[in-house]
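Engineer: With the sequence up front, the predicted model follows.
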Amino acid sequence: GAVVSQHPSWVICKSGTSVKIECRSLDFQATTMFWYRQFPKQSLMLMATSNEGSKATYEQGVEKDKFLINHASLTLSTLTVTSAHPEDSSFYICSARVQMNTGELFFGEGSRLTVL
Amino acid sequence: AQKITQTQPGMFVQEKEAVTLDCTYDTSDPSYGLFWYKQPSSGEMIFLIYQGSYDQQNATEGRYSLNFQKARKSANLVISASQLGDSAMYFCAMREGRSGNTPLVFGKGTRLSVIA
């Protein structure tokens, strides 16, 4: 079964509104989670590294004031897209490390955001 | 410079045949891990196989095997006895260093289509 759960799977919102996406680790604690964005027919691009109890680390070119990340507990990280615009429409997917020997990343189901 | 290069945007294979998906990587870190993920149209990321930089033998997982050629910095995925359900996007990824708290960097992906 899934070890990382993401919600919502689909969201449509009006331009200018904010959208929150949740990423939960199931049955394990995740001090670090990663947020990726994937535009249609493209690869996954790392947006930020979410650290429990501290500020997220953002990749170059990612606006931290626009993509707010909160990792308040060991099982939950949230990504809030503030004042969303159509160009923010994308597939957002979170991940958390589980396997100690391989460092395999398990991914959430992803959240498809459409901004009208 | 690209850390992960997948030169095949799309591949076709006949059902029950084997197919090789190419991946080359670039790193100066002696410790790294190489991963292959499958992404069907639903968007979920499915872990397939892992190869550590110090592993002496090529990794295998059922119908998947990784042809690891360290000197050439290549980590090709071989899928044997292709099935229709193998049709999907395939991403090669790398983690540099020993820490599991570093993210994966992905290639651009290869779309595999299995033909009946």
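Structural biologist: In hand now; what should we look at?

Engineer: from here on, contacts and neighbour counts on C-alpha atoms
Structural biologist: Fine.

Engineer: tell me the pLDDT at the closest residue to A:Asp88 other than its chain neighbours?
Structural biologist: Setting aside the residues directly before and after it, A:Asp88 is nearest to A:Val115 in space (Cα to Cα, 6 or more residues apart in numbering or on different chains), at 6.9 Å. At A:Val115 the predicted local confidence, pLDDT, stands at 97.

Engineer: Tell me if I'm right that A:Val115 and A:Ser83 touch.
Structural biologist: No. Taking Cα atoms under 8 Å as the contact criterion, A:Val115 and A:Ser83 are not neighbours in contact, 10.0 Å apart.

Engineer: who has more neighbours, the two?
Structural biologist: The residue with more neighbours, out of A:Val115 and A:Ser83 and counting by other Cα atoms under 10 Å in any protein chain shown, is A:Val115; that gives 19 against 14.

Engineer: ok, that one - contacts?
Structural biologist: Taking Cα atoms under 8 Å, 6 or more residues apart in numbering or on different chains, we find A:Val115 in contact with A:Ile12, A:Cys13, A:Lys14, A:Ser15, A:Ala84, A:His85, A:Pro86, A:Glu87, A:Asp88, A:Ser89.

Engineer: What's the PyMOL line that selects buried ones from those residues?
Structural biologist: The buried subset of the contacts of A:Val115, as determined by 16 or more other Cα atoms under 10 Å in any protein chain shown, is captured in PyMOL by this line:
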select buried, chain A and resi 13+15+84+85+88+89
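
Engineer: measure stretch B:107-116 end to end?
Structural biologist: The first and last residues of stretch B:107-116 sit 28 Å apart, counting by Cα to Cα, to the nearest Å.

Engineer: For the residue nearest to A:Asp88, list each beta-bridge partner.
Structural biologist: According to DSSP bridges, the residues that bridge with A:Val115 are A:Cys13.

Engineer: Could you pull out the residues contacting both of A:Val115 and A:Ser83?
Structural biologist: A:Ser15.

Engineer: Burial check on A:Gln60, number of neighbours?
Structural biologist: Applying the criterion other Cα under 10 Å, we find 10 residues in the vicinity of A:Gln60.

Engineer: and what of B:Arg111?
Structural biologist: Neighbour number of B:Arg111 under other Cα under 10 Å is 21.

Engineer: what's the answer for B:Gly62, then?
Structural biologist: Neighbouring residues of B:Gly62 were enumerated by other Cα under 10 Å; the total is 9.

Engineer: So what are the sheet partners of the helix or strand of chain A with the lowest mean pLDDT and their directions?
Structural biologist: Counting by mean pLDDT, DSSP states H and E, the weakest-scoring helix or strand in chain A turns out to be strand A:105-107, with a mean of 88. Using DSSP bridges, the neighbouring strands of strand A:105-107 in the sheet come out as strand A:90-97 (antiparallel).

Engineer: so A:Leu44 makes contact with A:Gln38?
Structural biologist: Yes. Taking contacts as Cα under 8 Å, A:Leu44 lies within contact range of A:Gln38: 4.7 Å.

Engineer: These two: which has the busier surroundings?
Structural biologist: For the pair A:Leu44 and A:Gln38, the greater number of neighbours falls to A:Leu44 (23 against 19), based on other Cα under 10 Å.

Engineer: Before I go, just wanted to say thanks for your time.
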